[in-house]
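>>> here are the coordinates; sequence isn't available:
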């Protein structure tokens, strides 16, 4: 029986640059950084969620990706069509200000939505994320 989601993967153009982005700008911690043959297993995650790791997969032609797939995925990232997911926050406006000051590129400022407040940003590989603060239910 499946009990939980432990890892989620995204493709990044440069693992070292992505590592700096996620640790220095986003404040995530390194969960794993090891090399197995030619493959680098690199994971990060939010400090407050130790049971989830984001795998920073290198966007290069090896393993499951060929050259054509790499080019297509890079085009999708560059055009803003690759989502990394939703990151919850307890204060969207505060985190927007802090992350903007660190150089994170926001493509949508905090806005009220039916589910709460949302801002949208891109990582340094072009993957976009929703930064969401859920509405408090009465």
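Yep, it's here. Because the structure is predicted, anything quoted here is derived from the model rather than measured.
>>> Contacts only, for the spatially closest residue to residue 135 that is not a sequence neighbour.
In space, and not counting its chain neighbours, residue 135 is closest to residue 116: 4.4 Å by Cβ to Cβ, 6 or more residues apart in numbering. Every residue, glycine included, has its C-beta placed from N, CA and C. Shown in contact with residue 116 (Cβ atoms under 8 Å, 6 or more residues apart in numbering): 92, 132, 133, 134, 135.
>>> name the element the third one belongs to?
Residue 133 is part of strand 128-134 when elements are defined by DSSP states H and E.
>>> helices and strands around that strand, which ones?
In terms of contacts (3 or more Cβ pairs under 8 Å, 6 or more residues apart in numbering; DSSP states H and E), strand 128-134 is packed against strand 83-88, helix 92-101, strand 116-122.
>>> Next, count neighbours for residue 136.
Using other Cβ atoms under 10 Å, residue 136 is surrounded by 6 other residues.
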